[in-house]
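Undergrad: with the input below, show me the fold.
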Amino acid sequence: MPLENFKYKVRWSDFTTKESRPTGEDEDAHIEANSLAKNMQGKVKKGKYKVSSIKLRITVDKAASWVVKGTKTDDLLKHEQGHYDLTAIGARELHKRVLALETESKEALLSGIADLQEEMQGLTDELNELYDDDTDHSRKEARQKFWATEIAAAKNRTAGTLKEIKAKVK
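TA: Modelled structure (predicted):
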């Protein structure tokens with residue numbers, strides 16, 4: 001499967017429990033989800049360089065993910081799942097765009113991939129921040145429900161993108 005853990009369900013065991021919030025934080029939990037490229041294969045066809053296959057694995061960094069002791073609720077876990085899902089949607093979009101990239105040289109291909117990774121990471125970070133700000137870290141119930149609906153819809157569409165979510169939530 002080209003996207004490993006795309007449909008992963010976040011659990012409290014993915015988090016390190018802390019006695020209190022880290023200094024400067026106003027949220028009760030934080031998840032650090034990442035997508036990692038593995039097994040990328042390239043090919044040259046008619047003088048064009050492109051990626052023929054790539055696998056992206058979406059993971060939770062337990063050491064960087066935390067929850068304050070006594071705050072574990074179903075609603076908070078659903079909010080953190082939203083962060084994971086935004087990362088997964090970004091990874092799916094990155095995967096699709098990397099496979100569509102064609103260049104004149106191997107160096108240009110690698111540079112293009114790096115540019116796409118930077119773009120998608122920036123958009124993922126922006127959406128995660130907007131998600132927290134708009135829902136007040138899940139405390140605004142109506143906004144949380146709205147975001148959950150939009151994220152689920154984008155995740156369930158094979159072509160749902162972060163830009164589509166951003167356009168709907170602004």
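Undergrad: looking at the protein, which residue lies furthest from center?
TA: Largest separation from the mean C-alpha position in the chain: K46, at 34.4 Å (Cα atoms, centre = their mean).
Undergrad: is T59 part of a helix or strand, or is it coil?
TA: strand (DSSP: H, G, I helix; E, B strand; the rest coil).
Undergrad: next, the residue nearest to it when sequence neighbours are not counted: secondary structure please.
TA: Among residues not flanking T59 along the chain, N34 sits closest, at 5.6 Å (Cβ to Cβ, 6 or more residues apart in numbering). Where C-beta positions appear, they are placed from N, C-alpha and C, glycine not excepted. Assigned by three-state DSSP, the conformation of N34 is strand.
Undergrad: quickly note the distance from D125 to E32.
TA: 11 Å (Cβ to Cβ, to the nearest Å).
Undergrad: comparing these two, which shows the higher neighbour count?
TA: Each of D125 and E32 has its neighbours counted (other Cβ atoms under 10 Å); E32 has more, 17 against 13.
Undergrad: surely that one and T59 touch.
TA: No. Contact criterion Cβ atoms under 8 Å: E32 and T59 do not qualify, at 9.2 Å.
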